[in-house]
Every structure is written in C-alpha cells, then in structure tokens.
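Q: What follows is a predicted structure for the sequence shown.
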Amino acid sequence: MSWTSRLFLYSSIAVSGGTVYYVHCLQSIEREELRAGVLRDVERRAQNASRKAENLYILNQQKELEKFLKKEQETRAHG
C-alpha cells in the first residue's frame, strides 16, 4: 500500500470516527435538554394546579363574604 493510500485511509477513519463521536455527543445533549423541558413542564403544571386551588379557595371565601354582607345589609334595611 502506498503512503498516500494509507494517509487517505487513516484520514477517512479519523473523520468517520470524529463524526460518529460528534453525533453521539450531540444526541446526549439533546436528550438532556428534552428531559429538562419535561421537568419544567411538570413543575409548571404543579404550580398552575396550586394556583388554581388557591384561586378557588379565595373565590369561595368571597362568595361567603358576599352572602354575609347581603344578609347584614338586608337586616339593616329592615331593622
């Protein structure tokens, strides 16, 4: 085998190996980013659920207060 043939063969092997390694690293990074995105979504949904529960609690308190104030206003108007 001539010197140029060996050089071309080894260069091709090195470039192919480098490409495979680069793609492998890129896929690992993308997989980690996807997992982080899923975790962010889970956290966001939990925050939304807790905020919704808090809003419902406040709404119920306001409804009870409104009923109380209407009764009080009626008793003052009639009394």
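A: That came through fine.
Q: Near residue 70, how many other residues are there?
A: Counted by other CB atoms under 10 Å, the residues lying close to residue 70 total 10. From N, CA and C alone the C-beta is placed, and that goes for glycine too.
Q: pLDDT of the host helix or strand of it, averaged?
A: If you go by DSSP states H and E, residue 70 is part of helix 3-78. Average pLDDT, helix 3-78: 96.
Q: From the chain's centroid, how far away is that helix?
A: Centroid displacement of helix 3-78 relative to its chain, using CA atoms, centre = their mean, to the nearest Å, is 1 Å.
Q: again, but for stretch 64-79
A: The mean C-alpha position of stretch 64-79 is separated from the chain mean by 47 Å, CA atoms, centre = their mean.
Q: buried ones in that stretch?
A: By 16 or more other CB atoms under 10 Å, stretch 64-79 has no buried positions at all.
Q: Kindly export that stretch (C-alpha atoms) in CSV.
A: Taking Å, rounded to 0.1, in the frame of the first residue of the first chain, the C-alpha atoms of stretch 64-79 are listed here in CSV:
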residue,chain,number,x,y,z
GLU,A,64,-69.3,33.6,51.6
LEU,A,65,-68.4,37.2,52.4
GLU,A,66,-70.9,38.4,49.8
LYS,A,67,-73.7,36.3,51.3
PHE,A,68,-72.9,37.5,54.8
LEU,A,69,-72.8,41.2,53.7
LYS,A,70,-76.1,40.8,51.8
LYS,A,71,-77.8,39.4,54.8
GLU,A,72,-76.4,42.1,57.0
GLN,A,73,-77.5,44.8,54.6
GLU,A,74,-81.0,43.3,54.5
THR,A,75,-81.2,43.2,58.3
ARG,A,76,-80.1,46.8,58.5
ALA,A,77,-82.6,47.9,55.8
HIS,A,78,-85.5,46.1,57.6
GLY,A,79,-84.4,46.8,61.1
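Q: tally of neighbours for residue 50?
A: Based on other CB under 10 Å, the number of other residues close to residue 50 is 10.
Q: again, but for residue 3
A: Neighbour tally, residue 3, other CB under 10 Å: 7.
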